[in-house]
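# return a 3D structure for these sequence lines:
(2 chains)
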Amino acid sequence: AQSVTQLGSHVSVSEGALVLLRCNYSSSVPPYLFWYVQYPNQGLQLLLKYTTGATLVKGINGFEAEFKKSETSFHLTKPSAHMSDAAEYFCAVSGGATNKLIFGTGTLLAVQP
Amino acid sequence: EPEVTQTPSHQVTQMGQEVILRCVPISNHLYFYWYRQILGQKVEFLVSFYNNEISEKSEIFDDQFSVERPDGSNFTLKIRSTKLEDSAMYFCASSETLAGGPGEQFFGPGTRLTVL
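The predicted model follows:
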């Protein structure tokens, strides 16, 4: 079975500050990990993904995430927040024989001027 | 840029009525999915579809639900007799390959279903 836990349903940062959104996963098979972003009234857009290989993954809009197997984590970071980053962020896992995505509960990021 | 489209954007229906939610996946994609998100809750997998048959479904996807690819472009989700608890945002997604591989699932903007 697979699951995802996102710590912090709401995160608020100042513009220019570091963004850190936390994601921990549970998986009985090697996981594939994803971060999606959802802007208001829009669908889910893939930010980045980890499948195999390099554990530090770079995505769109300056975001990156690091797969840490020992910590079962896949935290999302961005060095400097921009107002346009305000959105809801979802971590997801898949892997093994299944192709379904298992999502976390999401983190709503607010960026203060 | 190719995108997944969904219609309608918002559907209001009476309890017990049938609804059909429509999706047009990206044209060269082979795998299709439906997810739903009840207000305030996480996005949940409903069903995946490949080669004209269901490849996986969740426990949510009971006999009231069905999916179909009626032609070469549309992918539909039918709810036979809607319940109040079916009110949710329904997302369609498609991918070129399995999500477990390098393939990315592309999501549509969603259909908000309201059951009264």
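
# same for the helix or strand containing B:Y90, what does it pack against?
B:Y90 is located in strand B:88-95, with elements delineated by DSSP states H and E. Contacts defined by 3 or more Cβ pairs under 8 Å, 6 or more residues apart in numbering or on different chains; DSSP states H and E place strand B:88-95 against strand B:5-7, strand B:19-24, strand B:31-37, strand B:75-79, strand B:106-107, strand B:111-115. C-beta: built from backbone N, CA, C; applies to glycine.

# could I get the pLDDT score of residue 21?
The chain I'm using is chain A. pLDDT, A:L21: 98.

# please go with chain B instead
pLDDT, B:L21: 97.

# distance of it from chain A?
Distance of B:L21 to chain A, computed by Cβ to the nearest Cβ, to the nearest Å: 14 Å.

# residue contacts, that residue?
Going by Cβ atoms under 8 Å, 6 or more residues apart in numbering or on different chains, B:L21 touches B:Q6, B:Q11, B:W34, B:T76, B:L77, B:K78, B:I79, B:Y90, B:C92, B:T111, B:L113.

# chain A contacts on chain B?
Contact residues (Cβ under 8 Å from any Cβ of the partner chain) of chain B with chain A: B:4, B:31, B:33, B:35, B:41-45, B:48, B:55-56, B:58, B:91, B:93, B:95, B:98-102, B:104-110.

# grab the most central residue of chain B for me.
Nearest to the geometric centre of chain B sits B:W34, at 2.9 Å (Cα atoms, centre = their mean).

# isn't that residue right next to B:A88, touching?
No - if you go by Cβ atoms under 8 Å, B:W34 and B:A88 don't touch, sitting 10.9 Å apart.

# chain center to the strand holding B:Y90, what's the gap?
Distance of strand B:88-95 from the chain centroid (Cα atoms, centre = their mean, to the nearest Å) equals 4 Å.

# now swap in stretch B:55-70 and tell me
Distance, centroid of stretch B:55-70 to centroid of chain: 9 Å (Cα atoms, centre = their mean).
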